[in-house]
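Novice: Model the structure of this input:
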Amino acid sequence: MKILHVSTSDISGGAARATYRLHGGLQNMGLDSQMLVQEKSSHDQTVIAPRIRLFQGIAKAKLTFEALPLKLYRHRKSTPFFLQWLPDRIAPQVAKINPDVINLHWVSAAFMQIETLAKLKQPLVWTLHDMWGFTGGCHVTGGCDRYQLSCGACPQLYSNTDKDISHWVWQRKSKAWKNLDITLVSPSHWLAQCARSSSLFQDKRIEVIPHGLDTQKYRPINQHFAREIHNLPQDKKLILFGAIQATSDINKGFHLLQPALQQLSKAGQKDDIEVVIFGANKPENTPDLGFRTHYLGYLNDDISLATAYSAADVMLVPSLQESFGQTASEALACGTPVVAFNATGLKDIIDHQQNGYLAQPYVVDDFATGIAWVLENEHRLQKLSFYAREKAEREFPLELQAHRYHSLFQEIINIQNNSLLHT
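Specialist: The predicted structure follows:
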């Protein structure tokens, strides 16, 4: 079986890392797996990307042109919003590779034109890493449900017009994908339900397969050693928070984390707890989190991340929306319990008061209560840590994810072959 993953990047960003992990898991099974990307950061020869600098320059220029129509919406939010209206060279590249099945992933950032999907002749599986596939351009809806109809009057564009550019994107998707034979894979039940309720994907097959990870790389590491590596104190309870653009991406919930930590600080134990942040450098004007705070900067390799998780006593994921929540699953694999809100994809990862704490959605007081609950009892903390690792070993091994995808790919290929035999 020859598998081709199509992704904007190979290892840059959470969606890309999830894709690259799956790619590696399928290779470990002995399968022929390749990636076709716009931006290559690894040295993996099975990752195919433009080699000519001219094409790399064109790819960067496309991002500028991609966003030009959005300038009509001067007050729009700064959240990612992609129209995918520019032509691409993906169909002839795929034809040259000639895979048995195509697995689409995060294909935004002016990489794949909406209309290209219908030009691909092989069986299609699309792994949803966010909500863009069934919206009029946004990746995180922020509670808006207009994707269930036909978008328009988009709150992220500050638009009051039903026929705005989000509706135009939705119309293009509806027309291009109307007769598309495609199977969708969601990493969480929440995202799957959103896709099922969408006007674009309500009639499509949707499977749930959680993102996997290497549980030998992400495993409990001696806490003393882990703290030594990151130059962290040995005699404190450490609270960890981290994500790509951890303090600047509003969806990651830093604006909710800050008051929760301040509240926890006022409740006592200020001298016993310290905060650790990765995914952001120390700013010039450091925000008051109520505790001494350590900034680890950007951690891009598995060893650095695994030691950061292992150094901590609790991981905080105060995100507003997560399609899955890889920092949460990575933390559990390292034996670190997680506090998050009881919403979106994180509900599939964290079991309330078994391997972490699920606070009432976006209630700062309860989030602070959850942190205290995890940390206040050493025996309880050890049990939470044990069950965190147990959950990761049971549900998130890379081998399990790869086998599930392989079975799905084989089933879809067989269905298409049988269909061709009877036509």
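Novice: can you map out the helices along this protein?
Specialist: Using DSSP state H, the helices of the chain run over 14-28, 53-66, 90-97, 165-177, 189-196, 223-229, 254-266, 302-311, 326-333, 364-375, 378-395, 398-421.
Novice: for stretch 243-263, which positions count as buried?
Specialist: For stretch 243-263, the neighbour count (16 or more other Cβ atoms under 10 Å) marks 243-244, 246-247, 249-254, 256-258, 260-263 as buried. C-beta coordinates here come from the backbone N, C-alpha and C atoms, glycine included.
Novice: Tabulate the helices of the chain (JSON lines), appending mean pLDDT and distance to Pro318.
Specialist: Shown next, in JSON lines, are the helices of the chain (pLDDT from 0 to 100; distance: least, Cβ to Cβ, whole Å):
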{"stretch": "helix 14-28", "mean pLDDT": "97", "distance to Pro318": "16"}
{"stretch": "helix 53-66", "mean pLDDT": "72", "distance to Pro318": "30"}
{"stretch": "helix 90-97", "mean pLDDT": "96", "distance to Pro318": "37"}
{"stretch": "helix 165-177", "mean pLDDT": "98", "distance to Pro318": "27"}
{"stretch": "helix 189-196", "mean pLDDT": "98", "distance to Pro318": "16"}
{"stretch": "helix 223-229", "mean pLDDT": "98", "distance to Pro318": "23"}
{"stretch": "helix 254-266", "mean pLDDT": "96", "distance to Pro318": "5"}
{"stretch": "helix 302-311", "mean pLDDT": "97", "distance to Pro318": "17"}
{"stretch": "helix 326-333", "mean pLDDT": "98", "distance to Pro318": "11"}
{"stretch": "helix 364-375", "mean pLDDT": "98", "distance to Pro318": "6"}
{"stretch": "helix 378-395", "mean pLDDT": "98", "distance to Pro318": "18"}
{"stretch": "helix 398-421", "mean pLDDT": "92", "distance to Pro318": "26"}
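Novice: With distance to Ser7 as added columns, please give those in JSON lines.
Specialist: Putting these into JSON lines (distance: least, Cβ to Cβ, whole Å) gives the following:
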{"stretch": "helix 14-28", "distance to Ser7": "5"}
{"stretch": "helix 53-66", "distance to Ser7": "14"}
{"stretch": "helix 90-97", "distance to Ser7": "11"}
{"stretch": "helix 165-177", "distance to Ser7": "19"}
{"stretch": "helix 189-196", "distance to Ser7": "17"}
{"stretch": "helix 223-229", "distance to Ser7": "31"}
{"stretch": "helix 254-266", "distance to Ser7": "27"}
{"stretch": "helix 302-311", "distance to Ser7": "19"}
{"stretch": "helix 326-333", "distance to Ser7": "15"}
{"stretch": "helix 364-375", "distance to Ser7": "33"}
{"stretch": "helix 378-395", "distance to Ser7": "24"}
{"stretch": "helix 398-421", "distance to Ser7": "14"}
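Novice: contacting residues around Met315?
Specialist: If you count contacts by Cβ atoms under 8 Å, 6 or more residues apart in numbering, Met315 has them with 240-241, 309, 327-328, 331, 336-339.
Novice: try 7 Å this time
Specialist: Contacts for Met315 (Cβ atoms under 7 Å, 6 or more residues apart in numbering) come out as 240, 309, 327-328, 331, 336, 338.
Novice: how near is the closest residue in space to it that isn't next to it in sequence to Arg404?
Specialist: The shortest distance from Met315 to any non-neighbouring residue, by Cβ to Cβ, 6 or more residues apart in numbering, is to Ala331 (3.7 Å). Per Cβ to Cβ, to the nearest Å, Ala331 is found 22 Å from Arg404.
Novice: So for these two, which sits in the more crowded spot?
Specialist: Under the neighbour definition other Cβ atoms under 10 Å, Ala331 and Arg404 were set side by side, and Ala331 has more, 32 against 18.
Novice: From Ala61, how far off is that one?
Specialist: Taking Cβ to Cβ, one finds Ala331 at 39 Å from Ala61.
Novice: Also Pro337?
Specialist: Relative to Ala61, and taking Cβ to Cβ, Pro337 is found at 46 Å.
Novice: Show me how the protein divides into domains.
Specialist: Annotated domains of the chain cover 2-212+398-421, 223-395 [automatic domain parsing].
Novice: With respect to burial, which of those domains scores highest?
Specialist: domain 223-395 (a mean of 20; mean count of other Cβ atoms under 10 Å).
Novice: Verify the contact between Ile413 and Gln122 for me.
Specialist: No: counting by Cβ atoms under 7 Å, Gln122 is not a contact partner of Ile413; they are 8.9 Å apart.
Novice: Tell me the residues that contact both of the two, please.
Specialist: Residues within reach of Ile413 and of Gln122 at once, by Cβ under 7 Å, 6+ apart, are 100-101.
Novice: Tell me how far Tyr298 lies from Ser248.
Specialist: Tyr298 is 12 Å from Ser248, where distance means Cβ to Cβ.
Novice: Where does the prediction get shaky in the stretch 1-150 of the chain?
Specialist: In the predicted model of the stretch 1-150 of the chain, residues 52-59 satisfy pLDDT under 70.
Novice: 90 instead, please
Specialist: 13, 50-64, 78-79, 109-110 (pLDDT under 90).
Novice: Tell me where it has strands.
Specialist: 2-9, 32-39, 47-48, 101-104, 124-127 (DSSP state E, counting those that start in this stretch).
Novice: OK, contacts around Ile229?
Specialist: Applying Cβ under 7 Å, 6+ apart, the residues near Ile229 are Thr307.
Novice: just to revisit the earlier point, ok, now which ones touch the residue nearest to Met315?
Specialist: 309, 315, 338.
Novice: ok, so of those residues, who is nearest Asn377?
Specialist: Val338 (16.7 Å; Cβ to Cβ).
Novice: from memory that closest one sits against Gly356, does it?
Specialist: Yes: here Val338 reaches Gly356: they are 3.9 Å apart, a contact under Cβ under 7 Å.
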